[in-house]
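curious how this folds, go ahead:
(chains A and B)
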Amino acid sequence: MTRVGVITFPGTLDDGDAARAVRRSGAEAVALWHADHDLQGVEAVVVPGGFSYGDYLRAGAIASMAPIMRSVVDAARGGMPVLGICNGFQILCEAGLLPGALLRNAGLHFVCRDQRLRVETVATPWTSGFAAGDEIVVPVKNIDGRYHADAATLEQLEAENRVVFRYVGGNPNGSLNDIAGISSADGRVVGLMPHPEHAIDALTGPSTDGLGLFISLLGAVAAA
Amino acid sequence: MPKPEILDVQGQAVHGALNRLGISGISDVRQGKHFELEVDDAIDDETLHKVAGELLANPVIEDWVVTRA
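Numbering: from 1, shown residues only, chains lettered A, B, ... in the order given. Presented below is the predicted three-dimensional model:
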């Protein structure tokens, strides 16, 4: 069975739902602790949402220096798939695995709503089961979700087809180019602000669209 | 401090509140952070800039200055 790690930092909130999404997709969820170095032989890692270390300094800044993240950075540079959701996306940016940064929402409000997204590229292990142009609905819930990168970086992301998810039907936070999620140059590392792990069951989410990311991963790992 | 090209929405909110105080003549507000470090004499400016660039500030969105009191 494919083993997928889910990291818990002090202040992580969504590790439970992320592990549940991993299990629902048919993989084994492996709990990883921030203070450990050992990735326990997992084949992919999810960095879940929350407020790691209370968002002190900057969202994700202190978590990016945690021992487990040093191991994740090394593994990601070797091609291991990594998914950062919300605070996890902020952590991956702070760790240098993804370009840019997440700033305070343009409206200064914590935004919590169901959000429509367009899947812009299927050239990542986390979106390989979708078709480019598919639209999905998953919750978004954050106050530091405004994606920013300098003009040259934005141009490069667009030219290299590395905008993975884009907001549709209204940009909730003023993110440049309506960007909701991006990938690394090799496509293996993906970060997004909205929460696919909260949309895997009609009982508790607005859709089951989010499960597609985790099922995509299983297919990508099996094909590798 | 946020780089000049960064839209500083918190600074704008503070500016709005200043207007409500009835004080005119303040055309813009930018909000940043200030850290005070107690350091040994052996710590040079180069080291302090390394500390600023690798942890205290995010060079993607922030500029910084190092001063000694």
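
how about the helices in chain A?
A:15-25, A:67-77, A:87-94, A:151-159, A:211-223 (DSSP state H).

what's the mean pLDDT across the fourth one?
Read it as helix A:151-159. For helix A:151-159, the mean per-residue pLDDT is 98.

give me the buried stretch members for it, please.
By 16 or more other Cβ atoms under 10 Å in any protein chain shown, the buried positions in helix A:151-159 come out as A:153-154, A:157. In short, each C-beta sits where N, CA and C put it, glycine included.

could I get the residues you listed in a markdown table, plus columns for distance to chain B?
Shown next, in a markdown table, are the buried residues of helix A:151-159 (distance: Cβ to the nearest Cβ, whole Å):
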| residue | distance to chain B |
| --- | --- |
| A:153 | 9 |
| A:154 | 12 |
| A:157 | 13 |
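
how far off centre is stretch A:150-160?
Chain-centre distance of stretch A:150-160: 19 Å, with Cα atoms, centre = their mean, to the nearest Å.

flag every residue of chain A that's near chain B.
By the rule Cβ under 8 Å from any Cβ of the partner chain, the part of chain A lying against chain B is A:57-58, A:61, A:65, A:93-94, A:99-101, A:103-108, A:148-150, A:174.

next step: the residues you listed restricted to strands.
Using DSSP state E, A:101, A:103, A:148 are the members of the residues of chain A next to chain B that sit in strands.

if we only consider those, which is nearest to residue A:216?
Checking those against residue A:216 by Cβ to Cβ gives residue A:101 as the nearest, at 26.2 Å.

in the one helix or strand in chain B whose mean pLDDT sits lowest, what counts as buried?
Within chain B, confidence by mean pLDDT, DSSP states H and E is lowest for helix B:9-21 among all helices and strands, at a mean of 89. For helix B:9-21, a neighbour-count test (16+ other Cβ under 10 Å) marks B:9, B:11-12, B:15 as buried.

same check, this time on stretch A:4-23
Within stretch A:4-23, the residues scored as buried using 16+ other Cβ under 10 Å are A:4-9, A:11-15, A:17-22.

and the end-to-end length of it?
9 Å (Cα to Cα, to the nearest Å).

pull up the residues of chain B that are close to chain A.
Residues of chain B lying near chain A (Cβ under 8 Å from any Cβ): B:5-7, B:9-10, B:13, B:55-56, B:58, B:60-61.

what is the neighbour count of the residue lying closest to residue A:94 once chain neighbours are set aside?
Leaving out its chain neighbours, the residue that sits closest to residue A:94 by Cβ to Cβ, 6 or more residues apart in numbering or on different chains is residue A:64, at 3.7 Å. If you count neighbours by other Cβ atoms under 10 Å in any protein chain shown, residue A:64 ends up with 24.

same question for the one 4 residues further on.
Number of residues near residue A:68 (other Cβ under 10 Å) recorded here: 22.

so it touches residue A:32, yeah?
Yes. With contact defined as Cβ atoms under 8 Å, residue A:68 reaches residue A:32; the gap is 5.7 Å.

quick check: neighbours shared by those two?
Common neighbours of residue A:68 and residue A:32 (criterion: Cβ atoms under 8 Å, 6 or more residues apart in numbering or on different chains): A:7, A:39.

thinking again about what came up before, nearest to residue A:188, of the buried residues of helix B:9-21?
Ranked by distance to residue A:188 (Cβ to Cβ), those are led by residue B:9 at 32.8 Å.

next up, the contacts around that closest one.
If you count contacts by Cβ under 8 Å, 6+ apart, then residue B:9 has A:103-108, A:174 around it.

adding pLDDT, write those residues out as JSON lines.
Output for the contacts of residue B:9, formatted as JSON lines (pLDDT from 0 to 100):
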{"residue": "A:103", "pLDDT": "97"}
{"residue": "A:104", "pLDDT": "96"}
{"residue": "A:105", "pLDDT": "97"}
{"residue": "A:106", "pLDDT": "96"}
{"residue": "A:107", "pLDDT": "91"}
{"residue": "A:108", "pLDDT": "92"}
{"residue": "A:174", "pLDDT": "97"}
